[in-house]
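>>> After the sequence you'll find the predicted model.
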Amino acid sequence: MSAGAVDAGAVDAGAVSAGSEPLRVLVADDQKVVRDGLSLLLGMLPGIEVTGTAVDGTDAVRQAVATVPDVVLMDLSMPNGDGVEATRLILSQQPAVRVVVLTAYSDDDSVFAALRAGARGFLTKNASAGEILQALSAVRAGDAQLDPSVQRRLVEAVVSGGRLGGPGAAAEQDEGAEAAGPPDGLTQREVEVLTEIGAGLSNAEIADKFRISGATVKSHINHLLAKTGARDRGQLVGYAFRHGLAA
């Protein structure tokens, strides 16, 4: 991680809602300089409580299960169980915990594996401190947060036939079923919101486009997640492209 990525002056402390419960974060990274730098930075910010630092995958699972943080900031490349396996094990035991991947490795296999394991955010280690804090806050609120380059590659992979769901993912509907109307009982407004998600718009941009509140957009997204079986925003993007609801 570059020094600029942990510049406290670049952080928007307002990313954590004032008056809310502290956002409890476990930092997992095998590199001491990164681990200590992140812990120091996050610990200085109002509204953030660092519950601990983990040195490898096994340690991350142990601490997350024991302390149940709101978010684990997870490196992927670690000894004794990598970040993907640690994410899978944490969520199997503590499903309320959110995981944000922060890694130097952003190849497609790593991205897909982390999202399949249940990660709700994916950032590269050149992310700024503000971007990290925004991602932590977003996933605690139930949203997903993907690095723009990662989101673009997800879209490209889906368009070219890539699969995000992995084993056990719901089968795609055939063309005749899709032509009959919106899949999975989606309403017209839900289809419209899903289309804009596929186009990469944020919740605020969607709210502005349709002249609805941010809370209404979140409600539509929650309905989309429930109806489609998608786990997060990244999988909604994939769903939109598979069903011809985004271009």
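Arrived safely.

>>> what does stretch 75-92 contact?
28-31, 34, 55-61, 64-65, 72, 74, 97, 99, 101-105, 110, 113-114, 117-119 (Cβ atoms under 8 Å, 6 or more residues apart in numbering). C-beta coordinates here come from the backbone N, C-alpha and C atoms, glycine included.

>>> switch the cut-off to 7 Å
Identification of contacts with stretch 75-92 by Cβ atoms under 7 Å, 6 or more residues apart in numbering yields 28-30, 56-58, 60-61, 64-65, 72, 74, 97, 99, 101-103, 105, 110, 113-114, 117-119.

>>> Can you flag the buried ones in these?
Using 16 or more other Cβ atoms under 10 Å as the burial test, these include 28-30, 56-58, 60-61, 64, 72, 74, 97, 99, 101-103, 105, 110, 113-114, 117-119 as buried.

>>> returning to that earlier point: of the contacts of stretch 75-92, which belong to strands?
The members of the contacts of stretch 75-92 that map onto strands under DSSP state E are 28, 72, 74, 99, 101, 102, 103.

>>> Residue 20: how many residues sit nearby?
For residue 20, the count of nearby residues is 11 (other Cβ atoms under 10 Å).

>>> Shouldn't residue 53 be within a strand?
Yes. Assigned with DSSP: H, G, I helix; E, B strand; the rest coil, residue 53 falls within a strand.

>>> From residue 136, how far off is it?
15 Å (Cβ to Cβ, to the nearest Å).

>>> cool, and residue 122?
For residue 122 relative to residue 136 (Cβ to Cβ), the value is 13 Å.

>>> same check, this time on residue 54
Separation of residue 54 from residue 136 (Cβ to Cβ) stands at 16 Å.

>>> Of these two, which one has the most company?
residue 136 (28 against 25).

>>> Contacts only, for that one.
Residue 136 is in contact with 23, 25, 71, 73, 100, counting by Cβ under 7 Å, 6+ apart.

>>> Now it: which helix or strand?
Taking DSSP states H and E as the criterion, residue 136 maps to helix 129-140.

>>> could you point out which element follows the lowest-mean-pLDDT helix or strand in the chain?
Least confident element among the helices and strands of the chain, by mean pLDDT, DSSP states H and E: helix 175-179 (a mean of 39). Note on helix 175-179: by DSSP H and E, the next helix or strand toward the C-terminus is helix 188-198.

>>> ok, residue 198 touching residue 239?
No. Between residue 198 and residue 239 there is no contact under Cβ atoms under 7 Å: 8.4 Å.

>>> More neighbours: the two, which one.
Using other Cβ under 10 Å, the more surrounded residue of residue 198 and residue 239 is residue 239, with 28 against 21.

>>> gap between the more buried one and residue 59?
35 Å.

>>> ok, longest helix in the chain?
helix 214-228 (DSSP state H).

>>> Who are the packing partners of that one?
The helices and strands touching helix 214-228, judged by 3 or more Cβ pairs under 7 Å, 6 or more residues apart in numbering; DSSP states H and E, are helix 188-198, helix 203-210, helix 233-242.

>>> Going by mean pLDDT, which of these comes out lowest?
For these, mean pLDDT drops lowest on helix 233-242, to a mean of 82.

>>> Using CSV, write down the CA coordinates of that one.
Only the C-alpha atoms of helix 233-242 are listed here, as CSV (Å, rounded to 0.1, in the frame of the first residue of the first chain):
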residue,chain,number,x,y,z
ARG,A,233,-24.4,-5.5,-6.0
GLY,A,234,-21.7,-7.3,-8.1
GLN,A,235,-24.0,-10.3,-8.6
LEU,A,236,-26.9,-8.0,-9.5
VAL,A,237,-24.7,-6.6,-12.3
GLY,A,238,-24.1,-10.1,-13.5
TYR,A,239,-27.8,-11.0,-13.3
ALA,A,240,-28.8,-7.9,-15.3
PHE,A,241,-26.5,-8.8,-18.1
ARG,A,242,-27.4,-12.5,-18.2
